[in-house]
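K.L.:
Turn this into a structure:
(2 chains)
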Amino acid sequence: MSEVFANRYQRGLSKRTILRGALIRILSSVLLLMTAAGCAASNTTASEPRNRLIYGLTLEPSGFDPHLNASSELGIPLRQVYDTLVYRNPADGQFVAGLASEWQISPDGLVYTFRLKEGVTFHDGTPFNAQAVAANLDRIMAVENGSQKARFMLGSYSGYQILDDYTIQLLLSEPYSPLLDSLSQVYLGIASPTALGAYSNERYQFHQVGTGPFRFVEYIPGDRLVIRRSENYTWGPSFYNAPNERSVDEVVFRFFTDPPTRSIALEAGDTQVVGEILPADARAIATNTEITMIPVAVPGQPLQFMMNTRRYPTDNITVRQALLFGTNREAIIDSLFQRYSPVAWGPLAATTQFYNRQVVGAYAYDPSQARTMLEGAGFVDADNNGYYDGIDGDLTITMIVPGWGFIPEVAQLIQDQWRDIGVRAAISPTPTRTLVVEAVNQGEYNLVAFYTFGIDPSFLSDYFATNGSMNWTGFSSTELDGLLLEAVRQTDPNARASAYATVQRIIMEQALILPIRDYVNLNGVRNGVEGLVYDPYGWFPLLANVTLSAP
Amino acid sequence: MIAAGARALFTLWLAATLVFFALRVLPGDAIEGQLLGTGADAEAVEARRAALGLNLPITTQYAVYLGSLLRGDLGVSLTNGLPVSEIIARQIPPTLMLGFSALMVSVVLGLALALISALDIPRGVHRVVNALIALALSVPIYWSGMIAIYIFAAQLNWLPSGGGERLSQIVLPAMVLGFHISGSIAQVLETDLRVVIRANYVMTGRAKGLSETTILARHILPNAIIPSIAVIALQGGFLLGGVVITESLFSRPGLGRELLNATLQQNYPLVQGIVLWMTGVYILFNTAGDLLSRWIDPRLRDAAP
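P.N.:
Next comes the predicted model:
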């Protein structure tokens, strides 16, 4: 018996040995193949650009066409691909020559004449000229193309006139002074008419061609967008340096849509730059010596709640002012924004053009003042439950609270703070933009949060003019309407500044909004990335000057 | 077979119809959200809606939708004009890749967890294993995903935190998703194993001197595994839900992330297209599971379908 067993055992062993031998052979050939593949892969990388930057985007825009789509995120890669007729200098925000070497505005503000640079070619070899500019304007204005933003940025634009190959006039039906500001933005970037003609509107986003410092390589939805440095780019704005051997020559943009993963991806080195890091994460990685935080203030409107002047009790100016006094903005910024954001005092963020410094400190936190004002307006707490009495139960403020930008958290804190001034806040969560519009249309709100970004404060007309498309305060005054119109029509910057100063003062005197904080984009950058500058709009990096230090 | 086909078609139609109307119960549409705060006035919004046929009565829209569906046309995305079928086709491979990898992980892991727990080898470990199974079943994938990223990507730096380009980037998401699916597989398999190891034929096998390995491989596993196959097939459903979160969390391309974006943007045609596709896959999974169970278990072959 034992012999049989031993025999079996030995046979088993030998079989096993054979098996093992086979396994080792298979494994080693697999390994060999993998090494070969790895070699092949590294061979190809050797021929690829040396200085590659990985840049994390925070959301994937639904469309990447700057003329047709509206997302801020699309401008991060495409600002590098397109030149605009004019640029804003990142150092001082002033307009400098882009594709236009010079420009003139007629005294009546109706004709903008652009002298275009000569010798500029698109990345596909198409020459740049007045006809190219015209083709772009035609594409943006064609209603059937459904431009979501660029078309509206052109304001009262009514057509163009080509004077010669390098001179074009933009004609307006009425004065519209924000035009230059619009023309400096990537949404009005100039694309190759050849490429625009070769692809349909929905295809062009995969084959974009501009004149900028980088050319568009590929966009793979959900995965990446790649741009590569364009050789012989010599017509750039004054603030672009000539590239050297350390300059970035390829940028790969990836999407980090889930906010908490952004700082982790940065720490793990899966991206070298990423924006919109959560404030708490930013505070935490501030101690990481491999990462530098670059907070960039974004001009435009602050995080704000518009107060409905047509609905009880915010139809009463005293109530609106009391709410302002009863809100501790410092505390909100401390706890939610980790002190990365400045307190907002008026309808414009401090970095916006024509910002009125006089609003600073208006309605600084003073809960006892808030209570005094409410009592002065006749509110009492008859049932002694801690809340003043309204016409129907407790004095209640209904808030439409959109689901983005920390607005829900802000509303929560406000709800707590208003308990101290005897006001009940009823929060109505409204996750999407569409639902916000619907809720506003129903009209049953006291406060609604919404804000827009931009340098030129012409957007205030949408929000505070009587017939503004987003006049959600319901406020109407001929004085304010006149000033807003004047500010858009005037070409003289001093006259505009003075009109907007008064506009801001009136909005705060009337307590039409509850401003909370100026928006700050928290960008994290890994060591080795140098020369990263953001343009004055706050969202868009200027990558032409970025260099990578040797690894 | 014909009945199964008819049933599948009916299910698809039901899904298409439910999604069509459920989406439109929500007020508003993609266009309002798109043009809000861009300077567009109400007139421009209305013109855009008219151009896309969104101002037609809902019954007309439904008829138009069904009509084009019958022609195999899923419509175009409301946000960038691309054909829905093209967007879906592009996102299928990464999702399939993740789903398949996760399923492999889950089957291996589920089998291992169930065997260790049921046979209790090594001794005492089954408590730990049971805790793991409970964790896989009860903890939200979002949480475990974050923890996995934090440990393996940020702290240990073993694996990339996400992305969809290199093979190494799929390891972490597949492990996380696979771990969660393995929970229900292990649970069902373990229960069946416990029943089967006490079965008379197992005792008979031992009595006639079969080795433990033979008993396990030839008698215990085939009998215990049948209900699990149905469970594995049903996990296809969980997988479809799981990829929505996993893809976003790990910054991967795919149908799940596309669905999440499209839903948030109220991009009706895209949501409808993806849901329809997912329904189809689900039906396929169930049918496959059914057929597989019958093939493995002769007793089911003659049973009514």
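K.L.:
tell me the contacts of the nearest residue to A:Gly528 once chain neighbours are set aside?
P.N.:
Closest residue to A:Gly528 apart from its sequence neighbours, by C-beta to C-beta, 6 or more residues apart in numbering or on different chains: A:Ser549 at 4.7 Å. All C-beta spots, glycine's among them, are computed from the backbone N, C-alpha and C. Residues near A:Ser549 by C-beta atoms under 8 Å, 6 or more residues apart in numbering or on different chains: A:246, A:527-528, A:530.
K.L.:
what's the answer for A:Ile291, then?
P.N.:
Counting by C-beta under 8 Å, 6+ apart, A:Ile291 has contacts A:266-267, A:285, A:524-527.
K.L.:
Tell me the bridge partners for it.
P.N.:
Beta bridges link A:Ile291 to A:Arg526 when assigned by DSSP bridges.
K.L.:
how many neighbours does residue 60 have?
P.N.:
Let's take chain A. 23 (other C-beta atoms under 10 Å in any protein chain shown).
K.L.:
other chain: chain B
P.N.:
B:Thr60: 10 neighbours (other C-beta under 10 Å).
K.L.:
any idea which helix or strand comes after the strand or helix carrying it?
P.N.:
Here B:Thr60, judged by DSSP states H and E, is contained in helix B:58-70. Downstream of helix B:58-70, the first helix or strand assigned by DSSP H and E is helix B:84-119.
K.L.:
hang on, the earlier thing: quick one: which of the contacts of A:Ser549 is the most crowded by neighbours?
P.N.:
These, ranked by neighbours (other C-beta under 10 Å): first place A:Arg246, 15 neighbours.
K.L.:
what's in contact with the helix holding B:Thr60?
P.N.:
Residues contacting helix B:58-70 (C-beta under 8 Å, 6+ apart): B:16-17, B:20-21, B:24, B:53-54, B:56, B:74-75, B:272, B:276.
K.L.:
What average pLDDT does it get?
P.N.:
Averaged across helix B:58-70, pLDDT comes to 91.
K.L.:
buried stuff in it?
P.N.:
Across helix B:58-70, burial judged by 16 or more other C-beta atoms under 10 Å in any protein chain shown covers B:61-62, B:65, B:69.
K.L.:
now, which of those sits nearest chain A?
P.N.:
Among the buried residues of helix B:58-70, B:Gln61 lies closest to chain A (C-beta to the nearest C-beta), at 16.9 Å.
K.L.:
And stretch A:213-224, what's buried?
P.N.:
Those would be A:213-216, A:219, A:221-224, for stretch A:213-224 by 16+ other C-beta under 10 Å.
K.L.:
same deal with stretch A:272-291?
P.N.:
For stretch A:272-291, burial by neighbour count (16+ other C-beta under 10 Å) applies to A:272-279, A:281-283, A:285, A:291.
K.L.:
Correct me if wrong: A:Ile513 contacts A:Pro347.
P.N.:
Yes - contact criterion C-beta atoms under 8 Å: A:Ile513 and A:Pro347 qualify, at 5.8 Å.
K.L.:
shared neighbours of the two, anything?
P.N.:
A:304, A:507.
K.L.:
Can you classify A:Gln80 by secondary structure?
P.N.:
coil (DSSP: H, G, I helix; E, B strand; the rest coil).
K.L.:
nearest residue to it other than its sequence neighbours?
P.N.:
Take A:Gln80 and drop its neighbours on the chain: the residue closest to it by C-beta to C-beta, 6+ apart is A:Phe214, 4.1 Å away.
K.L.:
Next, the buried residues of stretch B:227-235.
P.N.:
Under 16+ other C-beta under 10 Å, the buried positions of stretch B:227-235 are B:228-229, B:231-235.
K.L.:
Spell out the secondary structure type for the residue of chain A found nearest chain B.
P.N.:
Residue of chain A nearest chain B, by C-beta to the nearest C-beta: A:Gly222 (2.7 Å). The three-state label given to A:Gly222 by three-state DSSP is coil.
K.L.:
Enumerate every residue touching it.
P.N.:
A:60, A:255, B:90-91, B:94, B:164, B:252-254, B:257-258.
K.L.:
ditto for A:Val248
P.N.:
A:51-53, A:229, A:543, A:546-548.
K.L.:
do that again at 10 Å, thanks
P.N.:
A:49-53, A:55, A:80, A:213-214, A:227-229, A:272, A:529-532, A:543-548 (C-beta atoms under 10 Å, 6 or more residues apart in numbering or on different chains).
K.L.:
pLDDT at residue 272, what is it?
P.N.:
Since no chain was named, I'll use chain A. The predicted local confidence for A:Gln272 is 95.
K.L.:
actually it's chain B I care about, not the one you picked
P.N.:
93.
K.L.:
shaky segments in the stretch 201-305 of chain B?
P.N.:
Along the stretch 201-305 of chain B, segments meeting pLDDT under 70 span B:237, B:297-305.
K.L.:
Quick check: the residue of it nearest chain A.
P.N.:
For the stretch 201-305 of chain B, C-beta to the nearest C-beta, closest residue to chain A: B:Pro253, 2.7 Å.
K.L.:
Low-confidence ranges, the stretch 251-400 of chain A, go.
P.N.:
For the stretch 251-400 of chain A (pLDDT under 70), the answer is none.
K.L.:
Nothing else from me, thank you.
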